[in-house]
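Trainee: How does the following fold in three dimensions:
(chains A, B, C and D)
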Number of protein chains: 2
Amino acid sequence: MNGTGTAAEDRVFAALANATRREVLRLLRERGPQPVQALAEHFDMRRPSLSEHLKVLREAGLVSEQRSGRQRIYRLEAAPLADVQDWLHPYERFWRGRLTGLGALLDRMPDDDQP
Amino acid sequence: MNGTGTAAEDRVFAALANATRREVLRLLRERGPQPVQALAEHFDMRRPSLSEHLKVLREAGLVSEQRSGRQRIYRLEAAPLADVQDWLHPYERFWRGRLTGLGALLDRMPDDDQP
DNA sequence: AGGATAGGTAGGTATTCTCCTACGCGTCAA
DNA sequence: TTGACGCGTAGGAGAATACCTACCTATCCT
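Mentor: Residues are numbered from 1 along each chain as shown, chains lettered A, B, ... in the order given. Down below sits the predicted model:
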């Protein structure tokens, strides 16, 4: 279908399942691209640990790095977050106009998949 | 503000960071409330393991259970997913109209938080 | 009452996560 | 060239996950 299987989805959700990594994303969003040092100031954690978090974010496609001298500038890459939003879409009817039309039907419909 | 701190957010994202649990949510969304048995048919996993997944989903507020005889009917509770969508909002400008207006400014702005 | 059924809990194991302390590699400045 | 700086990787400890096999409770049926 799209080349990115469940593995990619797993990596993105797993990357988001950590407060430090979500905070990194917030910092990159609010303050723009930054080197590791500047990010590290906000955390009570040694830099190697933050480096590992950045690696997880990189492998999830949520950030990219660009070398500049001896610095590595990290930048937010939001495409995977758009995928998360797409993933959420089919659930929207459950918190908007909850029991109307088809929503009501499906919401009440008991399981019909028994052998 | 809302009483739910980062701990609740953590539980929700952590709950979503597993393909089995996301599949449970999908089944509840597409087929309506179901007992554990019906859900278990879809997984190559013993029922106690699925029970633990359901516990994680329950503690994240993503499902609720209603006892009916000796069955437990699980139902999707989408409110935490709405919270996820709210969490995503500030990132939207990064994948829509990427480099225009304020977006462009913030996107390029280097870090200005140095002592 | 006795057995079957639905589903949770206990406890164990293998793997993964998250942090740490060393250390290595490239870059810049003296 | 030598040393300091920026940042990653290696390897290890402890906690958390995700599965399993028992086993327990509650409900239903005969």
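
Trainee: shouldn't residue A:75 be in contact with residue A:31?
Mentor: No. Using Cβ atoms under 8 Å, residue A:75 is not in contact with residue A:31; the gap is 11.2 Å. Just so you know, the C-beta spots here come from the backbone N, C-alpha and C atoms, and that holds for glycine as well.

Trainee: Now look at stretch A:9-26 and say if it contacts DNA strand D.
Mentor: No. Applying Cβ under 7 Å from any atom of the strand, one finds stretch A:9-26 out of contact with DNA strand D, separated by at least 8.1 Å.

Trainee: if we look at that stretch, which residues are touching it?
Mentor: The contact list for stretch A:9-26 (Cβ atoms under 8 Å, 6 or more residues apart in numbering or on different chains) reads A:39, A:42-43, A:45, A:50, A:53-54, A:56-57, A:59-63, A:74, A:76, A:80-81, A:83-84, A:87, B:6, B:9-10, B:13-14, B:16-19, B:22, B:90-91.

Trainee: Of those residues, which count as buried by neighbour count?
Mentor: The neighbour count (16 or more other Cβ atoms under 10 Å in any protein chain shown) marks A:39, A:50, A:53-54, A:56-57, A:60-63, A:74, A:76, A:80-81, A:83-84, A:87, B:9-10, B:13-14, B:16-18, B:22, B:91 as buried among these.

Trainee: if we can go back for a sec, can you tell me which of the contacts of stretch A:9-26 are in helices?
Mentor: Within those, residues falling in helices by DSSP state H are A:39, A:50, A:53-54, A:56-57, A:59, A:80-81, A:83-84, A:87, B:6, B:9-10, B:13-14, B:16, B:19, B:22.

Trainee: which sections of chain A are below the confidence cut-off?
Mentor: Counting by pLDDT under 70, chain A shows low-confidence ranges at A:1-4, A:97-115.

Trainee: residues in it within reach of DNA strand C, list them.
Mentor: Contacts of chain A with DNA strand C, taken as Cβ under 7 Å from any atom of the strand, map to A:14, A:17-18, A:20, A:45-46, A:48-49, A:52-53, A:56, A:69-70.

Trainee: Closest one of these to residue B:35?
Mentor: residue A:17 (28.0 Å; Cβ to Cβ).

Trainee: what are the phi and psi values for that closest one?
Mentor: phi -80, psi 40 (degrees, to the nearest 10).

Trainee: Backbone torsions only: list them for whatever residue of chain A ends up closest to DNA strand C.
Mentor: Closest to DNA strand C within chain A is residue A:69: 2.7 Å, counting by Cβ to the nearest atom of the strand. Backbone geometry at residue A:69, expressed as degrees, to the nearest 10, gives phi 60, psi -130.
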